[in-house]
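Asks: 3D, please:
(chains A, B, C and D)
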4 protein chains.
Amino acid sequence: MKQIRILVTGGTFDKEYDELTGRLFFRDTHVEEMLRRGRARLDLAVETVMMIDSLEMDDRGRAAIVARCAEAREEAIVITHGTDTMVDTARALAGAAIARKTIVLTGAMVPYAFGSSDGLFNLGSALSFVQVLPAGVYVAMNGRHFSWNAVRKNRETGVFEPAGERH
Amino acid sequence: MKQIRILVTGGTFDKEYDELTGRLFFRDTHVEEMLRRGRARLDLAVETVMMIDSLEMDDRGRAAIVARCAEAREEAIVITHGTDTMVDTARALAGAAIARKTIVLTGAMVPYAFGSSDGLFNLGSALSFVQVLPAGVYVAMNGRHFSWNAVRKNRETGVFEPAGERH
Amino acid sequence: MKQIRILVTGGTFDKEYDELTGRLFFRDTHVEEMLRRGRARLDLAVETVMMIDSLEMDDRGRAAIVARCAEAREEAIVITHGTDTMVDTARALAGAAIARKTIVLTGAMVPYAFGSSDGLFNLGSALSFVQVLPAGVYVAMNGRHFSWNAVRKNRETGVFEPAGERH
Amino acid sequence: MKQIRILVTGGTFDKEYDELTGRLFFRDTHVEEMLRRGRARLDLAVETVMMIDSLEMDDRGRAAIVARCAEAREEAIVITHGTDTMVDTARALAGAAIARKTIVLTGAMVPYAFGSSDGLFNLGSALSFVQVLPAGVYVAMNGRHFSWNAVRKNRETGVFEPAGERH
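Replies: Residues are numbered from 1 along each chain as shown, chains lettered A, B, ... in the order given. All right, here's what the predicted structure looks like:
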C-alpha cells in the first residue's frame, strides 16, 4: 500500500465557531476525525504545517509547504488548504520541481465542523486521486482533479474550473 | 470531462429510520443530495436500478445491474451497493466481460442519513477512482481501491481488505 | 436552583446503529452529551436505570423505575423512556402515589445519534416543564405536557395527543 | 391549547455560513425547520420581525419588538434573539408594561445550521416555559428561566446567570 502524507495548512476545512466571540477561528485540525468517519484504512501520516486562512498565506508560508513536500519520504502527498489561494500554492509547488511525487491539494467551501460541508467528500476524493495519478501537482475539488497550471477558482460561483494554461 | 453514470442499488448508504416502526427502510436515494453537498461538478447521470438490502441481492438483481452497465453509454460507472455482497456483484460484473468500461462499486457502513456516515467520503473516493483507473471492475472502500478479484469484506471488523485472487 | 434527577431507561432516544450487523442497539446513554450541547447549567444528577426498548418494558422494569423515583431525594425527576409504553409507565408512577414530586417522562421518535432527531428539543422541554409544573406525573412530547391520565400515543402518526381521562 | 407566537429577530440562532465570502450572514430563519425536527404540535404563529445580529439591536429595533408583543393577540410569546443584548430587550419589554402576557426570550450560542448547536434545546425549553409561567418577561437559556431583572450574560463563560435585581 502506498504511503501517503497529509499536510494540514488550515483553510475553511478546519475552521470552527467561537461561541464567545461569534467569530470563526482555528483550533486543531479535523482531519483525523474525518479519516475515522471515512473508515480510512490507508498508510497515512498526518502533519500540521500551519493553521491559517489561505488569504493570509504568503511566500514564507508557501516556502514552508514546499520544504515539507520536498523533505517528506512519502511519494504521495495530500495538502489541505484554503481555497482562495490554493492555486497559488500549487504553482509554487510545481515551480519547486519536486521530482517523482504526486501532490494533491484540496480544501472545502464550508467548514467540516458545520453542517453541509463538502470536506469529507473532498478528502475522500483527494486521497483517491493521490494514489493513482502520476507524479505532478494537482488540485482536487468538486469531484475533479486539475493539473496545477490548468485550473482557477471562480470567485463568483465558488467552483474550480479549467483555465488556460499559465506559465 | 468524462461522462459518469451512477447506478443506485440501495444498501446501507440509503437506509433511513422509520420513526413509526423503529425499523430501517428505503425511500429515495440520497445520492443527489450527497453530490450537492460535495459540490460535485461532474458530467453525471444518476439512475436508481433498485433499492434493496444487499443481503437480498440475488442472481436476478445482479443480472439487472450487469445489463445496465452493459447498456450504459458512459465508460465510467459508479455503483452504490450494500457492503455485504458487494464483492459478489463485482465478480458478476467481471464475469460479464463488459469491455472498455471502468466500473467502481462503493457503499457505506453507516447510513448517510445518520450521523457519522462514511458515505460522503466513499462517494468522493469512488467518483475519483472511476475517472482515472483503467477499464475493469473495482471496489472502493476505506479510501482504497481493490480489483474485484483481490478483495473481501472482513465481517468481524467491517473493513475491506486484500484477498488472494480468486477465479 | 431546584435539584433535578434524570433517570435513563433507554428507548429510541439512546439507540445507535451497529455498523457490523446493520441493527439498532444500545450502548451508553447520550444524555450527558445532549446536556453539554444544550449548555445546560442545572443542578442535575443523571442515572441509568436500564437501557431497553420500551416494547420490552415489563412490570418488573416499571417497578424499578417507581422505586428509583420514590427513593430519589430530588423533587423534580425527568425520565427518558421509549415512546411506545411511556404512558403505561406514567400510569404506574401515578399509581404509586409518590408524594410531592414532579415527574416528567420524555423520549424521542428518532435516535439522537441520527440526523433529524427530536431528542434535544424534547430534553429541553422536559427539563423546563419539570422545574415549573406542580407535583404530579406528566408526559412531555411534541412541545406539550400532558397529565399521565390524559394522553395517548397515536401510533399511526407518532404524535402524543389528549385522551379521555382513564382510571 | 394555548396559542403561542414566535417572534424571530435573528441572532446567532439563525446565522449561516456564506461559502463565497467565508462570513456569517442571515438568510431565512430556521425556526420552522426546528419546529419540524422537534415534532412540535403546538398552536403556533411564526413571524420574522427582523434578522439582525443582536449587537446591532438599537432602541428602534427594540421598539419594534415591543410593538409586536403589544399588538399580538396571543398571550404567550417566544422571542428568538441574539444573546449579547437579550437582557436589554427583556428590560425594554418589561418597561413597556405589556399586561397579561408571558414573554420568553431565547437564543443560541452556536448557529443552528452548524453542528453542536444548543438552539433546538433552547427552543424546546422556551416553548415549554412560555406555556406554564405566569405573565411576565423571562429569559430562557441553559435550561433555566430567569426573570428579566434577575439575569445577566457572563461574557467570559457565555453562560446566563442570576444577577442582583436591577431597576
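Asks: Skipping its backbone neighbours, what lies nearest A:Ala70 in space?
Replies: A:Ile98 (5.3 Å; CB to CB, 6 or more residues apart in numbering or on different chains). Quick note: C-beta positions are derived from backbone N, CA and C, even for glycine.
Asks: Likewise for A:Ala99?
Replies: Once its chain neighbours are removed from consideration, A:Ala99 has its nearest residue in A:Ala135; the separation is 7.3 Å (CB to CB, 6+ apart).
Asks: residues in contact with that neighbour?
Replies: Listed by CB atoms under 8 Å, 6 or more residues apart in numbering or on different chains, the contact partners of A:Ala135 are A:Glu75, A:Ala99, A:Arg100, A:Lys101, A:Thr102.
Asks: Where does the residue located most distally from the centre of chain A sit: helix, strand or coil?
Replies: Taking CA atoms, centre = their mean as the measure, the residue most remote from the mean C-alpha position of chain A is A:Leu20, 28.8 Å away. Classification of A:Leu20 using DSSP: H, G, I helix; E, B strand; the rest coil returns coil.
Asks: on that earlier part again, for the residue nearest to A:Ala99, report the pLDDT, please.
Replies: Per-residue pLDDT puts A:Ala135 at 97.
Asks: One more: the one 5 residues further on?
Replies: If you check A:Ala140, the pLDDT there is 98.
Asks: which SSE is it in?
Replies: Assigned by DSSP states H and E, A:Ala140 belongs to strand A:136-141.
Asks: Show me what from chain A comes close to chain B.
Replies: Contact residues (CB under 8 Å from any CB of the partner chain) of chain A with chain B: A:1, A:34-35, A:37-42, A:109, A:116-118, A:120-129, A:131-133, A:140-145, A:158-161.
Asks: burial of A:Ile65, as a residue count?
Replies: The tally of other residues near A:Ile65 (other CB atoms under 10 Å in any protein chain shown) stands at 23.
Asks: Which residue ranges of chain A form helices?
Replies: Applying DSSP state H to chain A gives helices spanning A:31-37, A:59-71, A:86-95, A:119-132.
Asks: returning to what we had before: how near is the closest residue to the residue farthest from the centre of chain A other than its chain neighbours to C:Ile103?
Replies: For A:Leu20, ignoring the flanking residues on the chain, the nearest one in space by CB to CB, 6+ apart is D:Gly158 at 5.2 Å. In this structure, D:Gly158 and C:Ile103 are separated by 31 Å, where distance is defined by CB to CB, to the nearest Å.
Asks: With neighbour numbers in mind, choose between those two.
Replies: For D:Gly158 against C:Ile103, the residue with the higher neighbour count under other CB under 10 Å is C:Ile103, and the figures read 29 against 18.
Asks: wait, the more buried one sits on C:Cys69?
Replies: Yes: applying CB atoms under 8 Å, one finds C:Ile103 in contact with C:Cys69, separated by 5.9 Å.
Asks: Mutual contacts of the two, please.
Replies: Shared contacts of C:Ile103 and C:Cys69, defined by CB under 8 Å, 6+ apart, comprise C:Ile77, C:Ile79, C:Leu93.
Asks: any idea which of these has the most stuff around it?
Replies: Greatest neighbour count in these, by other CB under 10 Å, goes to C:Ile79: 27 neighbours.
Asks: roughly how far apart are it and A:Arg60?
Replies: Between C:Ile79 and A:Arg60 the distance, using CB to CB, works out to 59 Å.
Asks: Could you do A:Arg73 as well?
Replies: With distances defined as CB to CB, the gap from A:Arg73 to A:Arg60 amounts to 24 Å.
Asks: What ranges in chain A fall below the confidence cut-off?
Replies: Low-confidence segments of chain A (pLDDT under 70): A:165-167.
Asks: residues touching A:Phe121, list them.
Replies: Going by CB under 8 Å, 6+ apart, A:Phe121 touches A:Gly143, B:Met34, B:Arg37, B:Gly38, B:Arg39, B:Ala40, B:Leu120, B:Phe121, B:Leu123, B:Gly124.
Asks: List only buried entries from those.
Replies: Among the contacts of A:Phe121, those scoring as buried are A:Gly143, B:Met34, B:Arg37, B:Gly38, B:Arg39, B:Ala40, B:Leu120, B:Phe121, B:Leu123, B:Gly124 (criterion: 16 or more other CB atoms under 10 Å in any protein chain shown).
Asks: Would you mind naming what in chain A lies close to chain D?
Replies: Taking CB under 8 Å from any CB as the test, the list of chain A residues beside chain D reads A:12, A:15, A:17, A:19-20, A:22, A:24, A:53, A:109-111, A:113-116, A:155-156, A:158.
Asks: Just the buried residues out of these, in PyMOL syntax.
Replies: Here the buried members of the residues of chain A next to chain D are turned into a PyMOL selection, burial being counted by 16+ other CB under 10 Å:
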select buried, chain A and resi 12+15+17+19+22+24+53+109+110+111+113+114+115+116+158
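Asks: Okay, and which of the residues of chain A next to chain D map to strands?
Replies: Secondary structure assignment (DSSP state E) places A:Lys15, A:Tyr17, A:Leu24 from these within strands.
Asks: Closest to C:Asn149 out of these?
Replies: C:Asn149 has its nearest neighbour among those in A:Tyr17, at 44.7 Å by CB to CB.
Asks: pretty sure the closest one is in contact with A:Arg27, am I right?
Replies: No: A:Tyr17 sits out of contact with A:Arg27 when judged by CB under 8 Å, with a separation of 10.5 Å.
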